[in-house]
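S.K.: From the sequence below, what's the structure:
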Amino acid sequence: MTTTELIVSPNVRRRRRMPKLPATAIIGAVVLGLLALASVAGPWLLPYSAFDASFTPNLPPGGEHLLGTSGRGEDTLAQLLQGGRASLGIGLLVAAVTTVIGLVVGLTSAYFGGGVDGTLSVITNVFLVLPGLPLMVVLAAFLPAGPLTIVAVLSITGWAFGARLFRSQALSLRTRDFVAAAECAGVGRIRIMATSLLPNLSSVLAAFFVNQVVFAITAEASLEFLGLGDPQMVSWGTMLYWAQNNSSLLLGYWWQFVIPGLAIAITASSLVLINFAMDWASNPRLQAQEMLHRFLGSGLRSAALITPVSRTADAGKEGAR
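M.R.: Here you go, the predicted model:
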């Protein structure tokens, strides 16, 4: 039988190493880490409190107030750092709750099947077809204002897509040999889901969690901007809310809405970069492409530049000569 071997130069073999983490992951992690560190430690280090409204309103950035003051006389930098605690905390909490609910519903539906799958699928489909933003607005309008209400509203409206995603992934794993072997060995259903299905969903789980953090931060800011949150709480969304109430955009007080909006955009961008890196880390095809580009010494050259050589064909040509 004719065998075809892929001939690669020894220099290429010596350069082989594991793919490096993409620069996007490093950039995203550093930016997010700096934001989280500033939000946690900043309010303790600043000389001003985020709730101190004794300063002159609408001062531009500079001098004693590096980012200016708000329309009510609070220091904008102090509010930015204090608001980071609330916005990032709500984002992480909502992401954790929606991920856990979606994971439990998705795994249970996929593994048990039958009537359990049918019932959970109907419930999931109902939440999927409900319009998300109007439902959030209605729930937030009738529930008591506060951060826990926002967490509850975003959790109720944000888990269904994860349940559908995890169910589809778990269904592809349900028929694998290792699951059948565990069932034949008498392993319990809960243990099979925890030890056989869940580890194989880690990459999808991490990507969904990061996406939910982005969703929660932006949705919280939207609800606060519409006045459906607690206006006495300091978050990036309430900063936008008070900037709107004070007509900052019309009066030219740009720092009162640009700074919190920029904080939300930078946080979301850093999370998206981390999500791209997670996709790369969990996708063998992207890793192989990166390794090939490194071996060839160029990010634009393709595998077609490595020509397969058939030794039997070459031997036949030499014999003919």
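S.K.: counting residues per helix, which one in this protein is longest?
M.R.: As assigned by DSSP state H, the longest helix anywhere in the chain is helix 76-112.
S.K.: residues of that one that come out buried?
M.R.: Across helix 76-112, burial judged by 16 or more other CB atoms under 10 Å covers 76-99, 101-103, 105-111. The C-beta positions use only the backbone N, C-alpha and C, and glycine is treated the same way.
S.K.: what's the answer for stretch 271-280, then?
M.R.: Per 16+ other CB under 10 Å, stretch 271-280 contains these buried residues: 271, 273, 274, 275, 276, 277, 278, 279, 280.
S.K.: and what of stretch 233-252?
M.R.: Using 16+ other CB under 10 Å as the test for burial, stretch 233-252 gives 233-244, 246, 248.
S.K.: Stretch 176-195 now?
M.R.: Neighbour counts over stretch 176-195 (16+ other CB under 10 Å) mark 179, 182, 192, 193 as buried.
S.K.: taking the residues you listed one by one, which sit in helices?
M.R.: 179, 182, 192.
S.K.: okay if I get those as JSON lines plus pLDDT?
M.R.: Formatted as JSON lines, these follow (pLDDT from 0 to 100):
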{"residue": "179", "pLDDT": "83"}
{"residue": "182", "pLDDT": "83"}
{"residue": "192", "pLDDT": "83"}
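S.K.: any idea which of these is closest to residue 138?
M.R.: residue 192 (39.7 Å; CB to CB).
S.K.: which residues does the closest one contact?
M.R.: Contact analysis of residue 192 by CB atoms under 8 Å, 6 or more residues apart in numbering lists 111, 179, 182, 183.
S.K.: Determine which two of those are furthest apart.
M.R.: 111 and 182 (11.3 Å).
S.K.: Flag every buried residue along the helix or strand following the longest helix of the chain.
M.R.: Next helix or strand after helix 76-112 toward the C-terminus (DSSP states H and E): helix 114-129. The neighbour-count check on helix 114-129 (16+ other CB under 10 Å) flags 117, 120, 121, 124, 127 as buried.
S.K.: Same question for stretch 212-228.
M.R.: So, applying 16+ other CB under 10 Å, buried residues of stretch 212-228: 212-226, 228.
S.K.: what's the closest of the residues you listed to residue 50?
M.R.: residue 224 (14.9 Å).
S.K.: Just the local confidence number for that closest one, please.
M.R.: Note on residue 224: pLDDT of 88.
S.K.: Find the residue closest to it in space, skipping its chain neighbours.
M.R.: residue 237 (2.7 Å; CB to CB, 6 or more residues apart in numbering).
S.K.: Distance of the one you found relative to residue 32?
M.R.: 19 Å (CB to CB, to the nearest Å).
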